[in-house]
Structures are given as C-alpha cells and as structure tokens.
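Colleague: Model the structure of this input:
(one chain, ligands or ions: 1)
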Amino acid sequence: MATQRIPVILVTGFLGSGKTTMLNHLMRDSADTRIGVIVNDFGSINIDALAVAGQVDSMIPIENGCLCCAADASEMDEMLARLTEPELRIDVVVIEASGLAEPQSMIRALLSSTNERIVYGGLVEVVDAAEFGDTRARHPELDRHVRAADLVVLNKTDRVTEDERDDLLETLQEIAPGAPVLTAAHGRVDPALLFDHQPREASEERFRQLSFADVCADGHEHGHHLHAAYDSVEFTSAEPLHPQRLMAFLDSRPVGLYRVKGFLHFAGAGSERKFGLHAVGSYLRFQPSPWEPGEPRVTQLVLIGTGIDADALTKRLAECAVTATEEIDETHMMGVLRYVDAAD
Ligand SMILES: Nc1nc2c(ncn2[C@@H]2O[C@H](COP(=O)(O)OP(=O)(O)OP(=O)(O)O)[C@@H](O)[C@H]2O)c(=O)[nH]1
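Modeller: Numbers count the residues shown, from 1 in each chain. The predicted structure is shown next:
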C-alpha cells in the first residue's frame, strides 16, 4: 500500500564534508523515530560503520566499495529488503553514500528498486563550507551534485566568517537557483527537516520524487565517477604507535593525500583510549573514546588521495610503531592532544 512506504533518503557530499557527523546527530536527536542506516563506505575497513555502530536500530554496512558501482540495483535492493522488513518497524532509511559516490546513479538505482515498501525520500548534499572553494576548483562535478540535491546542508560554518558564509550561500544560489540551503555546524540539522515520524501518510507528500527522466538527462556514464581518480590505502597495525612519529607523519602528509580516517592505538600514556582520527585537506582532529571491553587494541586507518604511493605510505606508517626499548609518557602525547576538542 503506497501510504505505508518508507522514505529512503540519500546523504551525499564530498569526502569529509560531515555526512557521518550529521547522521550521528540525526540519530541522537530522533529517539522516537526508527532509522535504518546503510553506510556505503570507501575501502574495506568500514570505518563509518564503526563510527555510527551502536546508535542505530539496524546496520547493514556495505563492504568493499561503492554502491553506485553495483552492476545493477540488486545489491541495494537486498539490503533495503532486509531493512524494511515490517517487524523492524523502520520509519525512515538513510543511505550515507561514500564521499566519492555519484549521486545520480544512486538515485537511479533507488528509483528502479522493485521494493514496494520504499519511496525515494530525496537527496541531501552536505557541503564543507571551509573547503568548498578548493574542492570545487578541482572537481567541477560538485556543481552537478549540488544541483541534484533536494536539500543542501552548508556544514562547518563554524570554520568560516559570516561574510564568507554569505558569499558561499550566494555561490550556491548561482549554482542551483532556488535550492534550499541549510547552514549547520557539526551537522546539527533539525531531523524534522529531513523526515517525519507519524503519520507517514501525511509526511509522504512532502518528499519530492524525481522522475527517471530527470536522472537520466544528466548523461552520467560509469567510469567518469569522481572516485575513478582516487586511490585508497588501508593500514592496520597491532603494534601500538609512537604519538610523536605519527604526528610527524601527519604533519608531512603528501599533498595528494586528501583524507585520512580511522582509529589509533597509541603506546604508553595514550593507550588507555582509542583515538578516532579525521584529517581532511589541512584539517586534523582526534576524538578519544574508551575502548569497549574486549575490543582488540589495534590501529585501523584508511587513506584516500590522488597519486599517492601506497607502499611508501604503508612503510612510513609501519615506522610509527613503537620499538621495544622506547618509553612513552604524557609529554609524547602533547602533539596529539592539541588536536582534541575541549568537549572530548
Ligand atoms: N569544525 C567542524 N568540524 C566538523 C563539522 N562537521 C564535521 N566535522 C569534522 O569533520 C571531520 C569529517 O566529518 P565526517 O562526518 O566523518 O565526514 P564524512 O562526510 O562522513 O566523511 P567521508 O566518510 O570521508 O566522506 C570529522 O573530524 C568531524 O568531526 C563542522 O561543522 N565543523
């Protein structure tokens, strides 16, 4: 029955723009709404799935790569079928696409889904206010992504001045005249703007459904994806890392290394906590959190960039492991702690 359909919202946005942050916020702020999440991450260590795990009703991480590369919609259909089982009583499904995904092909896959329990709920494009100019210069495709969006979230406004923010709003209006743009810091978007709880019958009307023609008119071709030009390297180490050597690595990361994310296991004073790492362009942040009981203390990183030398990066990271004779104390952690937010 059409009125019972579950809206499926796509969240896209360039690497590190704040999609996971927004999703975590939405889940925290929507206690009475059951949100099903599909995370489509880049690289087989599913960092985003780990970051949001525990806060969702049902989680089906997509291992190994990009939803938009699926030869047909069957893989997504299968996941949607599992998430929309009536007994799960999911109110809304959110698909967080990899930062490198092409929104048009994801919309097309959703619209061609044979699942009668779902309805396409719109595309939310998250834009990084601080990096937008640079990213756009390097990736003109971003304009197309912004135009495809039902809602643009101009995130990280805390990192720009009011004037810069106003200029960005103007630029976004030039790119996509009339597009609704929300400004946000730390992904704090009112969940009510994205989905309604009950009754679904009423809320459904508010979701705009793109037509197939809209989507196909774009002329998207496989192989021209944003991520075709990117490489990703995964690094895992059971040996704890020396915090100063890791900082030296991060301070001198190659220009093409656009994004580093994951979890770190430091030696010595830092070993009691797990340090989440997010680096985007020149931006760097660590987010400490307790290790779960029984959680293996390992470092897991994904590095994404253009023209990066995987062997050289892996070698340099391996050299960050602490040696048997080294003693690590609090002072060695100071470089890391400078990049931890006060709230953490
Ligand atoms: N200052 C600031 N930092 C933010 C904001 N939103 C997110 N961040 C930080 O930016 C980094 C990247 O955020 P994520 O939510 O992981 O971004 P993402 O789009 O999911 O990243 P990918 O999965 O790589 O595409 C993290 O360190 C966040 O804490 C914001 O509004 N302001």
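Colleague: Could you check how many residues crowd around the nearest residue to residue 132 once chain neighbours are set aside?
Modeller: Of all residues not flanking residue 132 in the chain, residue 168 sits nearest, at 6.1 Å (C-beta to C-beta, 6 or more residues apart in numbering). Heads up, the C-betas are built off the backbone N, CA and C, glycines and all. A count of nearby residues for residue 168, using other C-beta atoms under 10 Å, gives 20.
Colleague: Of all the residues in the helix or strand hosting residue 168, which ones are buried?
Modeller: Element membership of residue 168, judged by DSSP states H and E, is helix 162-175. The neighbour-count check on helix 162-175 (16 or more other C-beta atoms under 10 Å) flags 165, 168, 169, 171, 172, 175 as buried.
Colleague: give the contact list for the first one.
Modeller: Contacts for residue 165 (C-beta atoms under 8 Å, 6 or more residues apart in numbering) come out as 129, 154, 157, 183.
Colleague: on that earlier part again, so how far is the helix holding residue 168 off the chain centroid?
Modeller: Counting by C-alpha atoms, centre = their mean, to the nearest Å, helix 162-175 is centred 23 Å from the centre of its parent chain.
Colleague: sorry, back to before: you'd agree the residue nearest to residue 132 is up against residue 160?
Modeller: Yes - in this structure residue 168 lies within contact range of residue 160 using C-beta atoms under 8 Å: 7.1 Å.
Colleague: Need the overlap of contacts for these two.
Modeller: Shared contacts of residue 168 and residue 160 (C-beta under 8 Å, 6+ apart): residue 129.
Colleague: now the strands for the protein?
Modeller: 6-13, 35-39, 58-59, 92-96, 118-128, 151-155, 181-183, 231-237, 257-264, 273-280, 283-290, 299-305 (DSSP state E).
Colleague: Tell me how many other residues surround residue 117.
Modeller: Using other C-beta under 10 Å, residue 117 has 18 neighbouring residues.
Colleague: can you check residue 186 too?
Modeller: Using other C-beta under 10 Å: residue 186 sits among 16 other residues.
Colleague: Relative to the ligand, how far out is the closest residue to it other than its chain neighbours?
Modeller: Leaving out its chain neighbours, the residue that sits closest to residue 186 by C-beta to C-beta, 6+ apart is residue 21, at 5.9 Å. Per C-beta to the nearest ligand atom, to the nearest Å, residue 21 is found 3 Å from the ligand.
Colleague: show me the contacts for residue 21.
Modeller: Applying C-beta under 8 Å, 6+ apart to residue 21 gives the contacts 155, 186, 187.
Colleague: Can you dump the C-alpha atoms of stretch 8-27 in PDB for me?
Modeller: Taking C-alpha atoms only, stretch 8-27 is exported to PDB below (Å, rounded to 0.1, in the frame of the first residue of the first chain):
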ATOM      1  CA  VAL A   8      14.700   6.400   1.700                       C
ATOM      2  CA  ILE A   9      16.900   9.500   2.000                       C
ATOM      3  CA  LEU A  10      20.300   9.700   0.300                       C
ATOM      4  CA  VAL A  11      23.000  11.700   2.000                       C
ATOM      5  CA  THR A  12      25.900  12.600  -0.200                       C
ATOM      6  CA  GLY A  13      28.800  15.000  -0.100                       C
ATOM      7  CA  PHE A  14      32.400  15.200  -0.800                       C
ATOM      8  CA  LEU A  15      35.000  13.500   1.400                       C
ATOM      9  CA  GLY A  16      35.000  14.700   5.000                       C
ATOM     10  CA  SER A  17      32.200  17.200   4.500                       C
ATOM     11  CA  GLY A  18      30.400  15.900   7.600                       C
ATOM     12  CA  LYS A  19      27.900  13.200   6.500                       C
ATOM     13  CA  THR A  20      28.700  10.800   9.300                       C
ATOM     14  CA  THR A  21      28.600  13.600  11.800                       C
ATOM     15  CA  MET A  22      25.200  14.700  10.600                       C
ATOM     16  CA  LEU A  23      23.900  11.200  10.600                       C
ATOM     17  CA  ASN A  24      25.100  10.700  14.200                       C
ATOM     18  CA  HIS A  25      23.300  13.900  15.200                       C
ATOM     19  CA  LEU A  26      20.100  12.900  13.400                       C
ATOM     20  CA  MET A  27      20.100   9.600  15.200                       C
END
